[in-house]
Each structure stands twice: as structure tokens, then as C-alpha cells.
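Asks: Let me see the structure of the following:
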Amino acid sequence: MNRKIYGILALMIIVGISGAWYFYGQMVQKSGPQTIQDDFENGFSEWIADSDVPLDPNNPGYSVEWRIERVTNVSRSGQYSLRFFIDGRQDDGTIWIERRISVQKNSKIQVKVSFVFYSETESFNTIAVVCAYAEVRNPETEADFTIVGPANEVAGWKDYVYTATVQTGSSEEIWVALGISVRWETRMAYNIDDVDIEIR
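Replies: Residues are numbered from 1 along each chain as shown. Below is the predicted model of the structure:
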């Protein structure tokens with residue numbers, strides 16, 4: 001009888017320790033440094049396409065044309081990158097990709113987003129700007145974004161970096177987003193590849 005009791009107690013201790021280690025691991029994962037890398041070789045991963053674009057006066061009731069898609073004609077690494085296209089003839093519109101990331105609540109965290117950006121041409125005019133975002137709520141409008149730099153600084157690939165300090169408050173997740181915002185009345189397309197997110 002005593003052996004059975006000791007056996008049950010031992011089993012309960014083992015289960016308790018295992019559970020404690022599991023929850024500790026979850027806390028470390030949320031609160032410790034995180035690195036997330038995406039080169040879009042296996043789809044969009046956890047990224048979602050979103051936009052804040054005007055209505056198209058040439059197509060009443062519909063927004064201007066835009067899309068974000070995986071393509072193989074231009075890539076920095078591997079075979080794929082994401083192509084951002086928007087009809088910017090209304091001199092307005094922002095399109096982006098966004099994703100949620102689990103973090104520790106009531107924390108002050110540093111977010112660094114690095115990525116490479118492709119423009120077919122260099123221009124002294126600001127045709128579009130590269131923009132990014134990191135905060136606890138889902139970005140919904142152009143005003144939510146921070147400008148990282150002009151989109152046509154070079155012909156070819158260019159490295160961009162965005163950093164932010166986020167107070168998580170009661171939230172256990174943050175949103176990270178990056179994209180382009182129209183500054184010139186024309187159709188435009190750019191590519192993004194090799195996104196690297198560091199959270200500390």
C-alpha cells in the first residue's frame with residue numbers, strides 16, 4: 001500500500017516538474033530574444049497582405065488595383081520574393097504585409113526589422129516610400145506607418161532597417177508590418193525579400 005502511495009506521489013511530482021518546465025519554456029520563448037527570418041521560399045508563412053487605398057474613379061465602387069504576390073523573376077536569395085504592385089495614379093495608397101508575434105506582456109521590447117528592397121530604376125523624384133510598423137495593435141491606415149526611406153534610391157537591391165521600442169502593456173502580442181506608400185501619380189511595382197525580425 002505504501003509503495004502505491006509513494007508511486008503516485010512520485011508520478012505527481014514528475015508531472016508537476018514537467019508542467020513547470022513547459023510553462024517556463026513558454027515564458028522564456030515569449031520574453032527572451034526572438035529572431036524570425038522569412039525569404040518566402042515556402043509561401044507567405046504567417047504574413048498577411050493588407051492595404052489602405054483610395055477608390056478608383058475609373059471603376060466606381062472599387063478600390064484602385066493592388067496586389068502582393070510571390071514571384072520568381074526577381075529574388076535576392078533563393079527563387080522567390082514578394083512583389084508589391086499598386087496603381088498609384090490617384091497619388092495615394094499604402095500596401096503592406098503584416099504578422100503577429102507573441103511577446104511577454106507588461107514589457108519594454110526592442111524590435112529591429114531588416115529586409116532588402118528592389119526597385120527597377122533609380123529616381124531623384126520620390127515615386128514611393130518604404131514604410132514599416134511595430135506596435136501592439138493591427139495597423140490599418142497609412143498614418144500608422146513610419147517612413148524608412150525613398151523607394152527609388154538605387155536601381156536594384158538595397159538594405160533597409162527599421163527599429164522601434166514597444167511597450168506591450170497588457171498585450172501578449174505585437175504586430176510587425178512593412179510595405180510601400182505612393183508619392184507619385186503612376187503605377188508602380190517593387191520587391192521585398194529576406195526579412196529578418198529581431199525582438200529583445
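
Asks: thinking residue 48 is in contact with residue 96, fair?
Replies: No. No contact is recorded between residue 48 and residue 96 when judged using C-beta atoms under 8 Å, the distance being 9.4 Å. Quick note: C-beta positions are derived from backbone N, CA and C, even for glycine.

Asks: For those two, indicate the residue with more neighbours.
Replies: residue 96 (25 against 14; other C-beta atoms under 10 Å).

Asks: And what about that one, helix, strand or coil?
Replies: The local conformation at residue 96, judged by DSSP: H, G, I helix; E, B strand; the rest coil, is strand.

Asks: Run through the bridge partners of it.
Replies: According to DSSP bridges, the partner residues bridging residue 96 are residue 50, residue 179.

Asks: Who are the contact partners of it?
Replies: Residues in contact with residue 96 (C-beta atoms under 8 Å, 6 or more residues apart in numbering) are 49, 50, 51, 131, 133, 139, 145, 177, 178, 179, 180.

Asks: measure it to residue 128 for me?
Replies: According to C-beta to C-beta, to the nearest Å, residue 96 stands 12 Å off from residue 128.

Asks: Can you pull the residues that touch both of the two?
Replies: The contact sets of residue 96 and residue 128 overlap at residue 180 (C-beta under 8 Å, 6+ apart).

Asks: Residue ranges in this structure under the pLDDT threshold?
Replies: Segments of the chain classed as low confidence (criterion: pLDDT under 70) are 1-32.
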